[in-house]
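Give me coordinates for this.
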Amino acid sequence: MENRTMVKNFILVGFTAGRKLQIFIFVVLLIIYISILVGNLVIVTISIVDCGLRVPMYYFVWKFSLLEIGFTSSVIPKVLFNLASGEKTISVTGCFVQCFLYFIFGMTEFLLLAAMSIDRYVAICNPLSYSTIMTNGLCSLLVLGSWGLSFALLIGPSIVVFQLHFCNQNVNHFFCDSAPLVKLSCIETPVLDLVNFSIAVFSLLGTLIITVLSYASIISTILHIPSASGRQKSHLIVVFMSYGSCIFIYVKPMHMGELDVSKEVAVLNTVVSPLLNPFIFSLRNRQVQEALQKYLSMWVKSIYKLLGPF
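The predicted structure follows:
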C-alpha cells in the first residue's frame with residue numbers, strides 16, 4: 001500500500017488508437033446519439049400534449065424514453081468529446097458520477113420494463129379489470145418504486161467503489177463501468193464482487209422472469225391476431241437484446257470477465273437498444289403516428305402563418 005499510485009485521472013482506453021477510425025466512429029456515434037435524442041423527445045412530447053395518449057401504457061413509455069435519454073447521455077457525450085479531441089482522460093470524480101448515473105438509469109429501465117410488461121398483461125389478458133387495476137396512483141407508484149429500489153440497491157456499492165484506492169489509471173473500456181474500475185483497485189474486493197453479482201442477478205434475471213412470463217401470456221392470448229403478435233415479438237427482440245448484453249457483461253463472476261469482449265457487447269445496450277426502442281415501443285404504433293401527424297401539421301401551419309408575410 002505504501003507504493004500505491006495516487007490516481008487523479010483515469011484514462012479510458014476505448015476501442016482504437018487510430019485517429020482516422022476514431023473520427024469515423026465519432027461521426028457514426030454522433031448521428032446515432034442525435035437520433036436517440038430526437039426519437040425519445042418526440043415520444044415524450046407527443047405523450048404529454050396529446051390527450052388520447054394519456055393512458056397508463058404511454059405514461060410508462062414516455063417515462064422510459066426519459067430514462068433512455070439520461071442513460072445514453074451519461075455515457076455518449078463524454079465518448080464523443082474524447083473521440084473528437086483525441087483525449088482519453090476523465091477525472092476521478094467525473095468517472096464516479098458517470099458510473100453511478102449509468103447504473104441508476106440502467107437499473108431503473110429494467111424495473112420499468114417489468115412494470116410495462118405487467119401493464120400490457122393486464123390490458124390484454126384482463127381488459128375488463130384494466131381501468132380498476134392500473135390506476136394513476138399505481139402507475140406513479142410503480143415508476144417511483146423503480147427509482148427508489150434502484151437507488152437503494154446501488155448507493156451502498158457505489159460508495160464503496162468511490163472509496164477504493166487505485167493502483168492503475170487505465171480503464172479498459174470506453175466509459176467508466178464498475179467492473180474495469182474495480183479491477184484497478186489496490187486490494188482484493190471479494191465481498192464487493194459478490195454484492196455486485198447479487199444485485200445484477202436480482203435486477204436482471206428477476207425483472208426478466210417477470211417480463212417473459214407476462215409476454216408469454218400475452219402472446220398466447222393474441223396468437224390468433226398476427227399483427228398484434230408481431231408487435232409483441234418485435235418488443236421482445238429489443239427486450240432480449242438489452243437483457244442479453246447486460247446479462248453477458250454483469251451476471252458472471254469477476255474472474256470470468258473478458259473486458260475486451262464486454263466493452264464491445266456494451267455497445268448493444270448503450271447505443272443499439274436506445275436507438276431501436278423509440279421505433280419498437282411507440283413510433284410504429286398507429287395511435288402515436290396519428291398524433292404525430294396531427295401535431296406536425298399544426299406546427300407546419302403555424303410556422304407558415306408566422307413566416308407568411310416575409
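
Just the mean pLDDT for the longest helix seen in the chain, thanks.
For the chain, the longest helix by residue count, based on DSSP state H, is helix 92-125. For helix 92-125, mean pLDDT rounds to 90.

Now do the following helix or strand past that helix: which elements does it pack against?
Moving toward the C-terminus from helix 92-125, the first helix or strand encountered (DSSP states H and E) is helix 130-133. Using 3 or more C-beta pairs under 8 Å, 6 or more residues apart in numbering; DSSP states H and E as the contact criterion, the secondary-structure elements in contact with helix 130-133 are helix 92-125. All C-beta spots, glycine's among them, are computed from the backbone N, C-alpha and C.

Mind giving me the packing neighbours of the helix it packs on?
For helix 92-125, the contact count by 3+ C-beta pairs under 8 Å, 6+ apart identifies strand 9-12, helix 56-73, helix 130-133, helix 136-162, helix 178-183, helix 207-221, helix 226-250 as packing neighbours.

sorry, back to before: measure how the longest helix of the chain sits relative to helix 136-162, angle-wise.
Taking axes from the mean of the first three to the mean of the last three C-alpha atoms, to 10 degrees, one finds helix 92-125 and helix 136-162 inclined to each other by 150 degrees.

tilt between helix 92-125 and helix 56-73?
Compare the direction of helix 92-125 with that of helix 56-73 by the same axes, to 10 degrees and you get 160 degrees.

Confidence-wise, which helix or strand of the chain is lowest on average?
Using mean pLDDT, DSSP states H and E, the weakest-scoring helix or strand in the chain turns out to be helix 226-250, at a mean of 58.

circling back to that earlier point, and residue 116, which of the helices and strands packed on helix 92-125 is closest to it?
When the helices and strands packed on helix 92-125 are compared for distance to residue 116 using C-beta to C-beta, the nearest one is helix 56-73, at 4.6 Å.

Report the buried residues of the closest one.
For helix 56-73, the neighbour count (16 or more other C-beta atoms under 10 Å) marks 56-65, 67-73 as buried.

Near residue 11, how many other residues are there?
Here the number of neighbours of residue 11 (other C-beta atoms under 10 Å) works out to 16.

and it, what pLDDT?
The predicted local distance difference test score for residue 11 is 88.

residues touching it, list them.
With contact set as C-beta atoms under 8 Å, 6 or more residues apart in numbering, residue 11 has these partners: 88, 89, 90, 169, 170, 171.

Please identify which pair of those lies farthest apart.
Across the contacts of residue 11, no pair lies farther apart than 90 and 170, at 11.7 Å, counting by C-beta to C-beta.

between those two, which one's more packed in?
Under the criterion of other C-beta under 10 Å, the comparison of residue 90 against residue 170 puts residue 90 first, with 22 against 13.

Could you look up the SS state of the more buried one?
Applying DSSP: H, G, I helix; E, B strand; the rest coil to residue 90 yields a three-state assignment of strand.

pretty sure it contacts residue 98?
Yes: using C-beta atoms under 8 Å, residue 90 makes contact with residue 98 at a distance of 7.2 Å.

what ranges of the stretch 201-310 of the chain fall below the confidence cut-off?
For the stretch 201-310 of the chain, applying pLDDT under 70 flags the ranges 222-265, 280-289, 292, 295-296, 298-310.

separation between residue 266 and residue 76?
In this structure, residue 266 lies at 12 Å from residue 76, with C-beta to C-beta, to the nearest Å as the measure.

what's the answer for residue 22, then?
Counting by C-beta to C-beta, the separation of residue 22 from residue 76 is 15 Å.

okay, those two: which has more neighbours?
When neighbours are counted by other C-beta under 10 Å, residue 76 comes out ahead of the other of residue 22 and residue 76, with 21 against 17.

Next up, the contacts around that one.
Residue 76 makes contact with 29, 33, 270, 271, according to C-beta under 8 Å, 6+ apart.

can you put these in CSV and add secondary structure and distance to residue 122?
Written out in CSV, the entries for these read as follows (DSSP: H, G, I helix; E, B strand; the rest coil; distance: C-beta to C-beta, whole Å):
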residue, secondary structure, distance to residue 122
29, helix, 38
33, helix, 35
270, helix, 31
271, helix, 32
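
Take those and write them to a markdown table, including neighbour count and distance to residue 203.
Formatted as a markdown table, the entries for the contacts of residue 76 read as follows, by neighbours: other C-beta atoms under 10 Å; distance: C-beta to C-beta, whole Å:
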| residue | neighbour count | distance to residue 203 |
| --- | --- | --- |
| 29 | 17 | 27 |
| 33 | 20 | 25 |
| 270 | 22 | 17 |
| 271 | 19 | 21 |
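
That concludes my questions; thank you for your assistance.
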